[in-house]
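# Fold the following for me, if possible:
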Amino acid sequence: MKNSMPTISCVCVTENRLAMLKNSINCFEAQSYPNKQMVIVCQERDVATIEFLRANRAAHIKVVEVELGSKRTLGALRNLGIESSDGSFICVWDDDDWHDIDRLKNQYSVLEQGRYLGSILRSILVLDATTDKLYRSHSRNWECTLLCDRRLFAERMYDLKEKGEDSPVVQHFMKKGYLCQTSSSPELYVYVFHGRNTWDRVHFQDFFDRGLLIKSNLDLYAILQNSAPLEVSRVVRRAVAELV
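Reported below is the predicted structural model:
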């Protein structure tokens, strides 16, 4: 089965968030889709992360170290990760969010009939870790959930910006009709506001205001950080099921 499925490279840009990165790696390792690669782009100055990754090498995890003094925007670092990857498909894999164990399998499955070259989620979960409230998002194309054929990036790479670098890419792919939009599986992705995000609370507050509150006082952020991915998937799926 593994050899019959294309490799999906999950591109993760990280800096000075080792605890979050470890969780992100755990989510990747637990994916039910078998043929996968994780590409981690990090700065040489991020000593703790570099030391951890060097001490925990794995054949299916590629580490791209950015040299000291090299000033690159988030968009440029995403592009570097894509260029350094080996997979036929690219999946955005942000280090501070949570990914269900079936995320890759489910998002790739909609591409198998050949009509689309990529998939994106229109409904996800948004967690305010500062208030312990979990929301089902409003409907939009969530850029952080993009999974697509790597050939699409020959047409359009990420903008060389620190913020908002991903929206033009998704808009271009949508305009071309490349992406399948999925609204029925919000449990596949938890977008987390923890206070150290690229965007500030004002940005996230709009998502909270427009979302549907599912749960509060669930202690979900602690669960995300301290529990195995399979157990987290069960907790998240139960929360979504109660909404139906």
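# Would you indicate which residues of the helix or strand of the chain at the bottom of the mean pLDDT ranking are buried?
In the chain, no helix or strand scores lower on mean pLDDT, DSSP states H and E than strand 212-216, which sits at a mean of 85. Judged by neighbour count using 16 or more other C-beta atoms under 10 Å, the buried positions of strand 212-216 are 214-215. (Glycine included, C-beta is placed from N, CA and C.)
# Each with direction, which strands does that strand pair with?
Strand pairing for strand 212-216, using DSSP bridges, gives strand 133-136 (antiparallel).
# Give me the distance between the partner strand and the centre of its chain.
Put simply, strand 133-136 sits 18 Å off its chain's centre (C-alpha atoms, centre = their mean, to the nearest Å).
# Return the set of buried residues in that strand.
133-136.
# what's the answer for stretch 87-95, then?
Across stretch 87-95, burial judged by 16+ other C-beta under 10 Å covers 87, 89-95.
# Farthest from the middle of this structure: give me that residue.
Taking C-alpha atoms, centre = their mean, the residue of the chain most remote from its mean C-alpha position is residue 69, at 27.0 Å.
# For that residue, give me phi and psi.
Phi and psi for residue 69, reported as degrees, to the nearest 10, are phi 90, psi -10.
# Same question for residue 121.
Main-chain torsions, residue 121, degrees, to the nearest 10: phi -90, psi 140.
# Next up, the contacts around it.
With contact set as C-beta atoms under 8 Å, 6 or more residues apart in numbering, residue 121 has these partners: 107, 142, 145, 181-183, 185-186, 188-189.
# Pretty sure residue 137 is one of the things residue 186 touches, is it not?
Yes. Residue 186 is within contact range of residue 137, at 6.8 Å (criterion: C-beta atoms under 8 Å).
# what's the overlap in contacts for those two?
Common neighbours of residue 186 and residue 137 (C-beta under 8 Å, 6+ apart) are 123-125.
# Report pLDDT for the residue nearest the centre of the chain.
The residue lying closest to the centre of the chain (C-alpha atoms, centre = their mean) is residue 93, at 3.0 Å. At residue 93, the model reports a pLDDT of 98.
# Report the contact partners of the spatially closest residue to it that is not a sequence neighbour.
Leaving out its chain neighbours, the residue that sits closest to residue 93 by C-beta to C-beta, 6 or more residues apart in numbering is residue 10, at 3.7 Å. Neighbouring residues of residue 10 by C-beta under 8 Å, 6+ apart: 28, 36-39, 91-93, 104.
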